[in-house]
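Visitor: Structure for the following, please:
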Amino acid sequence: MPPPAFQHRQFVLLWGGLFISIAGSQMQSTALLWHLRQLSDWPIYVSGIGLARFIPIVLLSMIGGVVADRFNRRRILFITQSIMALEALTLSLLTLTGIIQIWHIYLLTGIQAAAIAFDLPARQSLVPNLVPRADLPSAFSLQSIAYNTGAILGPMISGLVIASAGLNMVYLFNAFSFGAVLLALVLMGPVSQAVTTPQSGPGRASFIRWSDIRDGIRFTARQPIILGSMVLDFLATFFSSANTLLPFVAVDILHVNEVGYGWLASAQAIGAVGVGLVLSQRTRLRRQGQLLLAAVVFFGLATVLFGLARSFSLVMMALMFIGAADSISTIIRNTIRQLQTPDHLRGRMISINQIFFQGGPQLGEMEAGAVAQAFGPAAAIISGGVGCILAAGLVAAGWPQLRRYDGENPEPVPAG
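Guide: Residues are numbered from 1 along each chain as shown. Below you'll find the predicted structure:
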């Protein structure tokens, strides 16, 4: 029996397009870290890509949320996906000509992050317009499967392509993969949504005002379950993010080549897909708050194991555990926030959340790089796992509403 969300044609089209595009994006993300490791053997330089991603997200996310609530989300995706395709094509050409430098990668990554600041609020807030409320857990589980399956295939293929054809071909493939999403958006046709319009009179619908952003901030601040989940996301990923250290683990600790690195980069997604397949068949999850906190604690424990491991198989296993825990956490967080947010505020809520869930790992990569520069990659990874566990305890104590959330809480009245 197919998952409930697959009964809706528009969602199936979007899911299929994203599946292909995500594989290409994961190929590029994996290749970028390997590329930076080739250009520099300093962890802080490789981890600097996190700052290149973080700055545009912080500056533009709130505006992106207003745009997602004010304008047609499907049209927004046309623009953002096209920009990211051009970014990948430019990266390929610079690599092919041999003139690429670290600052080129930082700059192009920043452009991609700016597009994501508008793309993600529009894309995630579009999903509840494609499936009924009861099928949202299934839809987000399937999105997790698409992301993590792409994150399995992408790094594996990336390692093979790097070894056989070069980094530029990885970036070129990613550029073409965005065409799958653009085609899906064409075939979907119009999608209805509740669009927010200014109350200052006719002819003002094209303006973005501070009051629009303030409404999103006020709503999020008054919803302890949503805010608590965002703080948990930020703290956990800040401490446990160490993806930029993976090339150093592969080369300096495990002594594997590009193909072995590709397998390591796909390990988290392998664990996540297994969890996503199980949860995609569920239409209701109970005790979601407790399950979310438990998943984050397990995430931290698996990160500690990753830092301690010295064999390829044990590192693979630890990374799979990390991916499984992260998948559970991501699915529950997305479901909680979407169900607790009215449609006309959903884009702004997601944009605020984007600052937390993008800011945490990107700043965390910088923190991990600094610690690794001083004490080595293993120390950075282990200390991050411990910090993640402590963060879960802090959030559980500070936001008891999140801990008690069972998935049946009524939808709140939006802030006015």
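
Visitor: switch to C-alpha atoms for all contacts and neighbour counts from now on
Guide: Fine.

Visitor: Give the other helices and strands that whichever strand or helix holds residue 392 contacts.
Guide: In this structure, residue 392 sits in helix 377-398 according to DSSP states H and E. Helices and strands touching helix 377-398, by 3 or more Cα pairs under 8 Å, 6 or more residues apart in numbering; DSSP states H and E, are helix 224-240, helix 288-308, helix 343-375.

Visitor: how far is the first one from where the chain is centred?
Guide: By that I understand helix 224-240. Using Cα atoms, centre = their mean, to the nearest Å, the mean C-alpha position of helix 224-240 is found 14 Å from that of the whole chain.

Visitor: Quick one: residues in contact with it.
Guide: Contact partners of helix 224-240, identified using Cα atoms under 8 Å, 6 or more residues apart in numbering, comprise 220-221, 296, 300, 303, 333, 336-337, 340, 353, 356-365, 367-368, 381, 383-389, 391-392, 395, 399, 401-402, 405.

Visitor: what comes up buried for stretch 225-236?
Guide: Buried residues in stretch 225-236, defined by neighbour count with 16 or more other Cα atoms under 10 Å: 225, 226, 227, 228, 229, 230, 231, 232, 233, 234, 235, 236.

Visitor: Got a ChimeraX select line for the buried ones in the contacts of helix 224-240?
Guide: Selection of buried members from those for ChimeraX, criterion 16+ other Cα under 10 Å:
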select :220,296,300,303,333,336,337,340,353,356,357,358,359,360,361,362,363,364,365,367,368,381,383,384,385,386,387,388,389,391,392,395,399,401,402,405
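
Visitor: show me where pLDDT drops low in the stretch 301-416 of the chain?
Guide: Scanning the stretch 301-416 of the chain for pLDDT under 70 picks out 407-416.

Visitor: again, only this time at 80
Guide: Confidence mapping of the stretch 301-416 of the chain against pLDDT under 80 gives the ranges 331, 334-348, 350-359, 361-362, 366, 406-416.

Visitor: One more: the stretch 101-250 of the chain?
Guide: For the stretch 101-250 of the chain (pLDDT under 80), the answer is 133-134, 136-137, 140-141, 144-145, 148, 192-216, 240-243.

Visitor: Show me where it has its helices.
Guide: Along the stretch 101-250 of the chain, the stretches classed as helices by DSSP state H, counting those that start in this stretch are 102-126, 136-164, 167-188, 210-221, 224-240, 246-248.

Visitor: could I get the ones you listed as a markdown table with distance to residue 261?
Guide: Output for those, formatted as a markdown table (distance: least, Cα to Cα, whole Å):
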| stretch | distance to residue 261 |
| --- | --- |
| helix 102-126 | 20 |
| helix 136-164 | 7 |
| helix 167-188 | 14 |
| helix 210-221 | 40 |
| helix 224-240 | 19 |
| helix 246-248 | 7 |
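
Visitor: before we move on, back to that, out of the helices and strands packed on helix 377-398, which is closest to residue 178?
Guide: helix 343-375 (21.2 Å; Cα to Cα).

Visitor: Centre of the chain to that closest one, how far?
Guide: Worked out by Cα atoms, centre = their mean, helix 343-375 lies 9 Å from the chain centre.

Visitor: quick one on the thing from earlier: can you pull the alpha-carbon coordinates of the helix holding residue 392 into CSV?
Guide: Extracted as CSV, the C-alpha positions of helix 377-398 are listed here (Å, rounded to 0.1, in the frame of the first residue of the first chain):
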residue,chain,number,x,y,z
PRO,A,377,39.3,16.5,14.7
ALA,A,378,38.5,13.7,17.2
ALA,A,379,38.4,16.1,20.2
ALA,A,380,36.1,18.4,18.3
ILE,A,381,33.7,15.7,17.4
ILE,A,382,33.6,14.1,20.9
SER,A,383,33.1,17.4,22.7
GLY,A,384,30.4,18.3,20.3
GLY,A,385,28.4,15.1,21.1
VAL,A,386,28.6,15.8,24.8
GLY,A,387,27.4,19.4,24.2
CYS,A,388,24.4,18.0,22.3
ILE,A,389,23.4,15.8,25.1
LEU,A,390,23.6,18.7,27.6
ALA,A,391,21.6,20.9,25.3
ALA,A,392,18.7,18.3,25.2
GLY,A,393,18.6,18.4,29.0
LEU,A,394,18.6,22.2,29.0
VAL,A,395,15.7,22.5,26.6
ALA,A,396,13.7,19.7,28.3
ALA,A,397,14.0,21.8,31.6
GLY,A,398,13.4,25.2,30.0
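
Visitor: Done for today, thanks.
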